[in-house]
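Participant: what would the 3D arrangement of this be:
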Amino acid sequence: MNSETLTDEMIQTLRDEAGEYGDAEQVEICDYALDGAADQREECARVINAQRSTNNDTGYIVEFVRVVA
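Facilitator: Next up, the predicted model:
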């Protein structure tokens with residue numbers, strides 16, 4: 001499986017999406033992650049990976065690039 005390093009841009013996008021959906025807890029996690037908190041960066045990577053694995057309209061499992069913090 002391929003992987004890529006978590007970036008601040010990825011975290012910011014996740015934060016923006018969470019804010020749009022009213023997920024204040026995820027926004028706070030992203031804020032800490034953007035400040036460099038390792039545990040929160042890991043959590044953001046987990047959430048992004050979960051989103052990537054489920055964002056598939058075809059019904060087929062698609063190989064995705066795993067994000068690592």
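
Participant: from the centroid of the chain, which residue is nearest?
Facilitator: Closest residue to the average C-alpha location of the chain: Ile48 at 2.6 Å, with CA atoms, centre = their mean.

Participant: can you tell me the element the closest residue to that one other than its chain neighbours falls in?
Facilitator: Nearest non-adjacent residue to Ile48, counting by CB to CB, 6 or more residues apart in numbering: Val67, 4.9 Å away. (Each C-beta comes from the backbone N, C-alpha and C, glycine too.) Using DSSP states H and E, Val67 falls within strand 66-68.

Participant: for Gly36, same thing?
Facilitator: Here Gly36 is assigned to no helix or strand, by DSSP H and E.

Participant: ok, now how distant is the residue nearest to Ile48 from Tyr32?
Facilitator: Val67 is 17 Å from Tyr32, where distance means CB to CB, to the nearest Å.

Participant: who has more neighbours, the two?
Facilitator: Neighbour count, other CB atoms under 10 Å: between Val67 and Tyr32, Val67 has more, with 21 against 16.

Participant: check contacts around the more buried one.
Facilitator: Applying CB atoms under 8 Å, 6 or more residues apart in numbering, we find Val67 in contact with Ser3, Glu4, Thr5, Leu6, Met10, Ala45, Ile48, Asn49, Arg52.

Participant: the closest residue to Met10 other than its chain neighbours and Glu17: what is the separation?
Facilitator: The shortest distance from Met10 to any non-neighbouring residue, by CB to CB, 6+ apart, is to Ile48 (6.0 Å). Distance check for Ile48 against Glu17: by CB to CB, it reads 10 Å.

Participant: buried sites along the strand or helix carrying the residue nearest to the centre of the chain?
Facilitator: Using DSSP H and E, Ile48 maps to helix 38-54. Of the residues in helix 38-54, those buried by neighbour count under the rule 16 or more other CB atoms under 10 Å are Gln40, Arg41, Glu43, Cys44, Ala45, Val47, Ile48, Asn49.
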